[in-house]
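S.K.: Following is a predicted model, sequence given first.
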Amino acid sequence: MNTNGLNCVVLTISDTRTLADDKSGSWLAEQIPAAGHTLCDRRIVRDDIYQIRAVVSAWIADDNVQAIITTGGTGFTGRDSTPEALSVLLDKEISGFGELFRQISYDEIGSSTIQSRALGGLANATLVFALPGSSNAVKTGWEKILRNQLDINFKPCNFAELIPRFREK
């Protein structure tokens, strides 16, 4: 285990993507180790509340997983169900995460960002983040929020500090 990095997992939520053509998930899977973290698992599930909850619940219960990043299913269409699937699993929601994501995204896509329901939270000492599925949105979320907030050395504060093994130091 990397002593300064987090053990991360990536879940793509899509009815059409496979590991072969999942650009957003593949990009995240490259960025996580490049930032000093460990990628422990990567999966794809259909946009179904119960399939999403099953995978994320298992990761939340796994003491080895410290950060979960999902892509997809955060829009406003009938099939988009990621926020509904994840919000009930959270012990605490990081309200500012979705707000900041939409603020940053506004500069890129204008008022269309209002349809993004990106969210973040904490469940059983595991960080959980839901990003939209587009490659640009994933890059925005990672580069402008998560890369720094998952870095224990980022000051004045960061999300990594919420992980018990860092609080014990």
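M.R.: Received it, and whenever you're ready, just let me know what you need.
S.K.: which phi and psi does residue 126 have?
M.R.: Per-residue torsions, residue 126: phi -120, psi 130 (degrees, to the nearest 10).
S.K.: isn't it right next to residue 69, touching?
M.R.: No - look at residue 126 against residue 69 with C-beta atoms under 8 Å: they stay out of range, at 11.2 Å. From N, CA and C alone the C-beta is placed, and that goes for glycine too.
S.K.: Give me the below-cutoff pLDDT ranges for the chain.
M.R.: 1-2, 167-169 (pLDDT under 70).
S.K.: try it again with 90
M.R.: Low-confidence segments of the chain (pLDDT under 90): 1-4, 15-16, 18, 72-82, 108-116, 133-134, 162, 164-169.
S.K.: quick one: the helices in it?
M.R.: Taking DSSP state H as the test, the helices found in the chain are 23-34, 49-61, 82-87, 95-109, 135-141, 147-149, 164-167.
S.K.: partner residues bridging the most centrally placed residue in the chain?
M.R.: Centroid-nearest residue in the chain, with C-alpha atoms, centre = their mean: residue 69, separated by 2.3 Å. Beta bridges link residue 69 to residue 10, residue 129 when assigned by DSSP bridges.
S.K.: That one and residue 53, how far apart?
M.R.: The gap separating residue 69 from residue 53 is 16 Å, by C-beta to C-beta, to the nearest Å.
S.K.: Would you quantify the distance from the residue nearest to the centre of the chain to residue 59?
M.R.: Taken as C-beta to C-beta, the span from residue 69 to residue 59 is 11 Å.
S.K.: Now do the shared contacts for those two.
M.R.: 9, 11 (C-beta atoms under 8 Å, 6 or more residues apart in numbering).
S.K.: I figured residue 38 hits residue 10, correct?
M.R.: No - when contacts are counted by C-beta under 8 Å, residue 38 is not listed as touching residue 10 (11.8 Å).
S.K.: can you list residues touching both of the two?
M.R.: residue 32.
S.K.: More neighbours: which of the two?
M.R.: residue 10 (26 against 16; other C-beta atoms under 10 Å).
S.K.: give me every residue that touches the more buried one.
M.R.: 25, 28-29, 32, 39, 41-43, 69-71.
S.K.: Check residue 33 too.
M.R.: Residue 33 touches residue 39, counting by C-beta under 8 Å, 6+ apart.
S.K.: Residue 29 now?
M.R.: 10, 39, 42.
S.K.: Which of those sits closest to residue 75?
M.R.: Distances from residue 75 to the contacts of residue 29, taken as C-beta to C-beta, are shortest for residue 10 (18.6 Å).
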